[in-house]
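> with the input below, show me the fold.
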Amino acid sequence: MCIARATALQPDVLLMDEPCSALDPISTLAIEELMSQLEATYTIVIVTHNMLRARRTSDSTGFFNLDGAGQPGRLVETEQTFSDPKDHATKRYMSGRHPRFCSWVAGTAAPHTRGCSDLRVRAGPPGE
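Residues are numbered from 1 along each chain as shown. Prediction:
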């Protein structure tokens, strides 16, 4: 329902916070397939703690890490997150020894917006 309401407004960008959280595998697949269909029209930015979903559903990803509770997040790495991470925190997360606070921002850009670099994402403590 949230996706239907958001697309009814015809935005340029759909922002999704954990769009498949607590869903069973069949429902997760349905949401991921819908996102794949919507990327022809919308730029989609998702926040997820599931690195496999980030890799599976995006054209590009960013790894955010919080230094501590109540402290602002920082973008750690974007380009080679999955293939050859350069940052120590990313390497730890990818090997299963995660930092305490982290999340993924992943996105696909609609064809008419590919190449735009003016989308800014801020990661903060939960509830902000």
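
> please tell me how far residue 60 sits from residue 68.
When distance is defined by Cβ to Cβ, to the nearest Å, residue 60 is 27 Å away from residue 68. C-beta: built from backbone N, CA, C; applies to glycine.

> please apply the same query to residue 39.
Taken as Cβ to Cβ, the span from residue 39 to residue 68 is 35 Å.

> what's the longest helix in this protein?
helix 25-38 (DSSP state H).

> which helix or strand contains the residue lying closest to residue 75 once chain neighbours are set aside?
Nearest residue to residue 75 in three dimensions, chain neighbours excluded: residue 62, at 5.3 Å (Cβ to Cβ, 6 or more residues apart in numbering). Element membership for residue 62, per DSSP states H and E: strand 60-66.

> who are the packing partners of that strand?
Other helices and strands packing on strand 60-66, by 3 or more Cβ pairs under 8 Å, 6 or more residues apart in numbering; DSSP states H and E, are strand 73-77, helix 88-94, strand 101-108.
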